[in-house]
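> got a predicted structure plus its sequence, pasted below:
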Amino acid sequence: MVSASIIKQRESLPIFPYRQEIIEAIRQENLLVIIGETGSGKTTQIPQYILESFEDVKFIGVTQPRRIAAITVSTRVSEEHGSKLGEVVGYSIRFDDCTSSKTRLRYMTDGVLLREATLDPRLEQYNVIIVDEAHERTLETDVLFGLLKTTHILRPELKILVMSATLNVEKFSDFFNSCPIFVIPGRTYNVLINHHRDARIISLKSTFVMRAVETALYIHCQEQPGDILVFLTGQGEIEKACRDLLDQEANLNYRKDVKYADEVRGIVVYPIYATLETLEQKAVFEDPPRYTRKIIFATNIAQTSVTIPGIKYVVDSGFVKQKSYDPTTGMDALLVVPISQAAATQRAGRAGRTAPGKAYRLYSRESFEQMEKETIPEIQRSSLLGTVLSLKKMGIRDILNFEFIDPPDPLLVKNALKQLFLLEAIDDKGKLTRLGDEMSIFPLSPFLSRVLVASSKEFECSREILIIVAMLSVEEIFISPRSEEKQFEAGERRKEFYHPSGDHMTLLNIFEAYLDNGYSREWCKERYLNRRTLTMAKNIRDQLRELMLKHDLPIISCRIKNEDKINDNNRSRKRHRRNSHADTKYDTNKILEAFSTSYYINLAKRHSHRPLFYHYASARASDNEDIDANSSLLALHISSTSSLFPDNKIVRMEDLDWVMYHNVLYTNKALMKVISKVKIEWVEERLKLFEKLVSVNLDGDDDEKNEGQENENDDDDDDDKFKAVTNIKIEENRIMKEEEKKNQRLAAVEAARQRAIHRRASNSER
DNA sequence: GAGCACTGC
């Protein structure tokens, strides 16, 4: 039963007056863009309007960028619908499918739909697909857009709705054949925006933390009661800002300095960032004590993922910490960069959710004008390795010309193709190999999928590799406590797990010990291990194991019964005997060699007398025999969180000639995150693939274009049709781009001619 | 020689 209060609530939403109009628009259009600000009710109501008015609609899919949104929204909607969650209304996220045969409306993460699309690009089970929060432009959303365009041609009856919060959505409409845009007026309050008079954003980079604290204090002294949200970029500076503000507030004379001292007599200060433990986060959402002002220092988490109620003032530093992938070095950089105008607007909007508010920007109006209009979409600053493999799996040949709404730099696509070739997932013509086909079944980085397949078919250690791969797929396993003495203790406890070969085996040790101790909460706590992350790793391990069994990839252990039989590095084993977890119980060489089948790409050689490393392939490519003397090479450092970090004395630097790293993160220098020792003979043969790289054409356009329908051992007609249509679309796209280039060239020539004429004319005038 | 935004399959 649906209560009267629920009906009343639904009818009070800003969207409700437009119900009939929306239903009519959806009836008429099979491609439609809908704009509605947060709080308009579009996410919860529109799918229900469709359920209520379209009898022939059997199944609706709604994507969300975040898991938590899929759960909370579907819970709310099932309540409104008057049924139990998982019946008519349900959700699907990784590891948690809360739907049944009765389900007609399914909320899910965009990643889940993308995975489904790789199996069935026609999305046959759906009558309606709604891509919600499209303005966030996640990598998954952008790939879905490209695929849905083909699906629309093959299944014109499928209703595709794109929902977004920003006003700047003509781009979406343009992309989807200039489809109509439906605008739902919002209901937000005015936010008065104060720019700094003259501060240029570039000059703020070193001072914005200090200035943000000053500004928060200024607001506290001069403005009416109301909570303050301050946008900064990272954990360290947020903790510092909290301390500084409290220090400065302690020196205030409330009667003299604080204008509204009758109403505000103190402050509470909170940090909020993603790695903060959930318990600590809770106070942030609660009302502050009476007569106190709540001041929150936040990362970008408060811009999109988390809403803090009752914010009246926003302080915007103008910066964000953003990850971007550099295809020339193969590294991720995590750098502090200026935000976009759209982000600044979104941040300011956080002050007007419940009442009119004010936003203080630490930068000038001119600086705002000079910012990028929109944040660069994820797809243009990520490695496309996994994406390209998925697209190849779907039979799309010419990825360079795939119809992306904002095409990534061709360098990014070429880089992904090269890496897939080095992983032997595609052949020298850019065609998916048998190995590549097997790799694409796993929801993993292709590097890890490759290792998993190798461990099962070649190295007979898939049981252990499954664990390590799962551990590499989750975030930080170690908890770093805030107090210094606890930090020391945590460091000491961590050493119990260190393995002399490096971090891969260390991760295995931790997981095995976690299993041996029955997933005990206490056990984790004593060792400063993050139990939530370990649980996640276990879920991922189980999911991957299921996938392996399903695809006939055997699970084999390389555990060694009689320890004395192995001749691997006896000395170092003895040295660590006191650490029960670090005893070698596995055929370490097998495990690491399996990893080297992918990670030979990330092979690094040590500097002859310093604890620095150089990427081996880059060194060879630059054709310089003396690796130490090659100044153009970027030095790679060992992360302090690695078991092989020099100070840990797990291994002598002299014994560490070759390592492979799992990834590199560039902040102020390049840090290798997870590393292990490598024997050069494991990888010598594979390194030759680097040499082949110069002579292959992986773009997959010229050779195969005329081959027509490919026979790839699957006789699914629909699938072939999808491939064919997508590939035709891509071909059109390519021709269009060439045409455009030609026109641009012609225009340039014409412009030059005009200039020349003009010059001649003005010369003759003189 | 010491710290790393946010998500997701």
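On my side now, so go ahead.

> got a pLDDT number for the residue of the stretch 51-200 of chain A found nearest DNA strand B?
Nearest residue of the stretch 51-200 of chain A to DNA strand B: A:Gly111, at 2.9 Å (C-beta to the nearest atom of the strand). C-beta coordinates here come from the backbone N, C-alpha and C atoms, glycine included. Here the pLDDT value assigned to A:Gly111 is 94.

> number of residues surrounding the residue nearest to it when sequence neighbours are not counted?
Leaving aside its sequence neighbours, A:Gly111 sits nearest to A:Glu140 (C-beta to C-beta, 6 or more residues apart in numbering; 5.1 Å). Look at A:Glu140: counted by other C-beta atoms under 10 Å, it has 22 neighbours.

> check contacts around A:Glu140.
By C-beta atoms under 8 Å, 6 or more residues apart in numbering, the residues touching A:Glu140 are A:63, A:65, A:109-111, A:113-114.

> now those residues as CSV including distance to A:Phe497, secondary structure and neighbour count?
CSV is the format used below for these (distance: C-beta to C-beta, whole Å; DSSP: H, G, I helix; E, B strand; the rest coil; neighbours: other C-beta atoms under 10 Å):
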residue, distance to A:Phe497, secondary structure, neighbour count
A:Thr63, 39, strand, 26
A:Pro65, 35, coil, 22
A:Thr109, 32, strand, 23
A:Asp110, 36, helix, 24
A:Gly111, 31, helix, 20
A:Leu113, 38, helix, 24
A:Leu114, 35, helix, 21
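
> can I assume the residue of the stretch 51-200 of chain A closest to DNA strand B is in contact with A:Ala117?
No: the pair A:Gly111 / A:Ala117 is not scored as a contact, 10.5 Å apart, by C-beta atoms under 8 Å.

> what about A:Ile15, how many residues nearby?
A:Ile15 has 22 neighbours, counted by other C-beta under 10 Å.

> do you know how far it is from DNA strand B?
For A:Ile15, the distance to DNA strand B (C-beta to the nearest atom of the strand, to the nearest Å) stands at 24 Å.

> same deal with A:Lys259?
33 Å.

> so what pLDDT did that residue get?
With respect to pLDDT, A:Lys259 scores 94.

> which bits of the stretch 501-650 of chain A sit near DNA strand B?
Applying C-beta under 7 Å from any atom of the strand, we find that the stretch 501-650 of chain A lies next to DNA strand B at A:610-611, A:637, A:639-641, A:647.

> domain parsing of chain A, as residue ranges.
Under the assignment the TED database, the domains of chain A span A:4-183, A:191-380, A:431-561+A:584-693.

> could you pull up the mean pLDDT of the longest one?
Spelled out, it's domain A:431-561+A:584-693. On average, the pLDDT along domain A:431-561+A:584-693 is 89.

> all strands for the stretch 601-750 of chain A, in order.
For the stretch 601-750 of chain A, the strands defined by DSSP state E, counting those that start in this stretch cover A:603-606, A:613-615, A:635-638, A:658-661, A:664-666, A:670-672, A:675-677.

> format these as JSON lines; extra columns: mean neighbour count.
What follows is the strands of the stretch 601-750 of chain A, written out as JSON lines (neighbours: other C-beta atoms under 10 Å):
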{"stretch": "strand A:603-606", "mean neighbour count": "23"}
{"stretch": "strand A:613-615", "mean neighbour count": "24"}
{"stretch": "strand A:635-638", "mean neighbour count": "20"}
{"stretch": "strand A:658-661", "mean neighbour count": "23"}
{"stretch": "strand A:664-666", "mean neighbour count": "19"}
{"stretch": "strand A:670-672", "mean neighbour count": "21"}
{"stretch": "strand A:675-677", "mean neighbour count": "25"}
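
> could you dump these to JSON lines with distance to A:Phe176?
JSON lines is the format used below for the strands of the stretch 601-750 of chain A (distance: least, C-beta to C-beta, whole Å):
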{"stretch": "strand A:603-606", "distance to A:Phe176": "45"}
{"stretch": "strand A:613-615", "distance to A:Phe176": "42"}
{"stretch": "strand A:635-638", "distance to A:Phe176": "44"}
{"stretch": "strand A:658-661", "distance to A:Phe176": "42"}
{"stretch": "strand A:664-666", "distance to A:Phe176": "37"}
{"stretch": "strand A:670-672", "distance to A:Phe176": "41"}
{"stretch": "strand A:675-677", "distance to A:Phe176": "45"}
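
> and of the ones you listed, who's closest to A:Thr354?
strand A:664-666 (38.6 Å; C-beta to C-beta).

> tell me what the closest one is packed against?
Under the contact definition 3 or more C-beta pairs under 8 Å, 6 or more residues apart in numbering; DSSP states H and E, strand A:664-666 sits against strand A:331-338, strand A:670-672.

> work out the gap between that strand and the centre of the chain.
15 Å (C-alpha atoms, centre = their mean, to the nearest Å).

> which residues sit against it?
Residues from elsewhere that reach strand A:664-666 (C-beta under 8 Å, 6+ apart): A:326, A:330-335, A:602, A:636, A:670-673.

> swap in 10 Å and give it another go.
A:323-324, A:326, A:329-335, A:602, A:604, A:613, A:615, A:634, A:636-637, A:639, A:670-673, A:675 (C-beta atoms under 10 Å, 6 or more residues apart in numbering).

> tell me the spacing between the residue nearest to A:Lys723 when sequence neighbours are not counted and A:Gly234.
Counting by C-beta to C-beta, 6+ apart, A:Lys723 lies nearest to A:Gly395, which is 3.4 Å off, once chain neighbours are set aside. Using C-beta to C-beta, to the nearest Å, A:Gly395 is found at 42 Å from A:Gly234.

> re the thing from before, who wins for neighbours among the residues of the stretch 501-650 of chain A next to DNA strand B?
Counting neighbours by other C-beta under 10 Å, the top entry in those is A:Ser639, with 18 neighbours.

> those residues of the stretch 1-150 of chain A touching DNA strand B, which are they?
A:65-68, A:93-94, A:109, A:111-112, A:115.

> and stretch A:237-252, what's buried?
A:237-238, A:240-242, A:244-245, A:249, A:252 (16 or more other C-beta atoms under 10 Å).

> next: stretch A:721-733.
Of all the residues in stretch A:721-733, those buried under the rule 16+ other C-beta under 10 Å are A:721-727, A:729-730, A:733.

> widest-spaced pair of those residues?
It's A:Lys721 and A:Asn733 that sit farthest apart of the buried residues of stretch A:721-733, by C-beta to C-beta, at 18.3 Å.

> quick one on the thing from earlier: now do the shared contacts for A:Gly111 and A:Ala117.
Counting by C-beta under 10 Å, 6+ apart, the common neighbours of A:Gly111 and A:Ala117 are A:140, A:143-144.

> ok, of those, which one's closest to A:Val230?
For the shared contacts of A:Gly111 and A:Ala117, the minimum distance to A:Val230 (C-beta to C-beta) is 30.6 Å, reached by A:Glu140.

> buried residues, the strand or helix carrying the closest one. List them.
Under the criterion of DSSP states H and E, A:Glu140 resides in helix A:139-154. Buried residues in helix A:139-154, counted by 16+ other C-beta under 10 Å: A:139-152, A:154.

> so for it, mean pLDDT?
Mean pLDDT, computed over helix A:139-154, is 93.

> following it, which helix or strand shows up next?
Taking DSSP H and E, what comes next after helix A:139-154 is strand A:159-164.
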